[in-house]
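Peer 1: need a 3D model of the sequence below.
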Amino acid sequence: MIKEILKLGNPNLYEVSSEIGKDEAHKIPGWVTDLHDTLMNYRKIHGAGRAVAAPQIGVQKRLLYMYTDKPYVFINPSITFPEKDTFLVMDDCMSFPGLLVKVERYKKADIHFLDMNWTPQTMHLEGDLSELLQHEYDHLDGILATMRAADNRSLFMEEMKRNF
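Peer 2: The predicted model follows:
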């Protein structure tokens, strides 16, 4: 079911999400359906969007959903950084459409998670996928890209389109 995406300023976006217990595993398929439907609807409207975090639809659980070449579900993820190399990126978010924020992210990241079968997995990420999953993981800790701004200047996408 398509859910409303919480917007910048909503206090729920700043809460730390709780882990999903084995006793809640039966709820995961419903949450994943909601995340998928919401992401696909956002893509249809905005022409963008590759991932969404459960807190963005009001579910304060450690659950991420990504759809690139296929769907990916990350249950109770943790993230580590094998190298300290970083890069600057203009980050956008479904919780503040139209706004870009310059943030510093790690070039490489490893995300450790449980899959839908409750099996431990690790995914090695580089470049844009590393940045994407760092962004989504931050949502689980109540951190928005605006809180990681590399400087005080943010750009609106419409303004950028007019200037380039």
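
Peer 1: tell me where this structure has helices.
Peer 2: Residue ranges of the helices in the chain, as given by DSSP state H, are 28-46, 127-140, 157-163.

Peer 1: now the longest one: how far from the chain's centre is it?
Peer 2: Remark: helix 28-46 is offset 13 Å from the chain centroid, using Cα atoms, centre = their mean, to the nearest Å.

Peer 1: and for the second one?
Peer 2: Going by Cα atoms, centre = their mean, the spacing between the C-alpha centre of helix 127-140 and its chain's C-alpha centre is 6 Å.

Peer 1: and it, what does it pack against?
Peer 2: Here helix 127-140 is seen to pack against strand 51-53, strand 63-67, strand 71-80, strand 86-91, strand 99-106, strand 108-114, strand 120-126 when contacts are counted using 3 or more Cβ pairs under 8 Å, 6 or more residues apart in numbering; DSSP states H and E. For every residue, glycine as well, the C-beta is placed using N, CA and C.

Peer 1: 6 Å instead?
Peer 2: Secondary structure elements in contact with helix 127-140, counted by 3 or more Cβ pairs under 6 Å, 6 or more residues apart in numbering; DSSP states H and E, are strand 51-53, strand 108-114.

Peer 1: pipe the helices of the chain into a markdown table and attach mean neighbour count per row.
Peer 2: As requested, those are arranged in a markdown table below (neighbours: other Cβ atoms under 10 Å):
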| stretch | mean neighbour count |
| --- | --- |
| helix 28-46 | 16 |
| helix 127-140 | 21 |
| helix 157-163 | 10 |
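
Peer 1: returning to that earlier point: among the helices and strands packed on helix 127-140, which is the most enclosed?
Peer 2: Mean neighbour counts were compared across these using mean count of other Cβ atoms under 10 Å; the top stretch is strand 51-53, at a mean of 25.
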